[in-house]
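**Q** Quick one, structure for this:
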Amino acid sequence: METISIAPPPASSSKPNRLQPDHTAAQLPRKPAARITAPAPRQWNCPAAQQRHSMIERIAYAIAERRGFAPGSELQDWLTAEAEVDHWLQSERFSGD
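**A** Presented below is the predicted three-dimensional model:
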């Protein structure tokens, strides 16, 4: 039986030594860091969403009108109108009418 010994190639070999890197990390070209941006907010393009928004606007206006347009409750007016519209839309969806 013949034994085979494995020895590293001689230093004068024209092949690069794969165990030693050709470049150090500092010598490698660097790519600029990728810029991370947040996606643009979604625009409502669907007619149903636009109709819902329009309904909320009208109801919020009516609520503000009932309280004499006193400042400071605009957000609450909007949220109340939004809840009313969503409740109405939900009941319409399940009633089938």
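
**Q** Can you tell me how far residue 54 is from residue 72?
**A** Residue 54 sits 24 Å away from residue 72, going by Cβ to Cβ, to the nearest Å. (Each C-beta comes from the backbone N, C-alpha and C, glycine too.)

**Q** Can you pick out the residue with more neighbours from the two?
**A** residue 54 (11 against 6; other Cβ atoms under 10 Å).

**Q** Report pLDDT for that one.
**A** As summarised for this prediction, residue 54 has a pLDDT of 94.

**Q** And the helix or strand where residue 80 lies, what's buried?
**A** Using DSSP states H and E, residue 80 sits in helix 74-95. For helix 74-95, burial by neighbour count (16 or more other Cβ atoms under 10 Å) applies to 77, 78, 81, 82, 84, 85.

**Q** The fourth one and residue 57 touch, don't they?
**A** Yep, that's residue 82 we're talking about. No - at 10.2 Å, residue 82 does not count as touching residue 57 under the criterion of Cβ atoms under 8 Å.

**Q** Take the buried residues of helix 74-95 and lay them out in JSON lines including pLDDT and distance to residue 61.
**A** Converted to JSON lines, the buried residues of helix 74-95 look like this (pLDDT from 0 to 100; distance: Cβ to Cβ, whole Å):
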{"residue": "77", "pLDDT": "96", "distance to residue 61": "8"}
{"residue": "78", "pLDDT": "96", "distance to residue 61": "10"}
{"residue": "81", "pLDDT": "96", "distance to residue 61": "8"}
{"residue": "82", "pLDDT": "95", "distance to residue 61": "13"}
{"residue": "84", "pLDDT": "95", "distance to residue 61": "13"}
{"residue": "85", "pLDDT": "93", "distance to residue 61": "13"}
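
**Q** Which of those residues sits closest to residue 62?
**A** Using Cβ to Cβ, residue 81 comes nearest to residue 62 of the buried residues of helix 74-95, at 8.0 Å.
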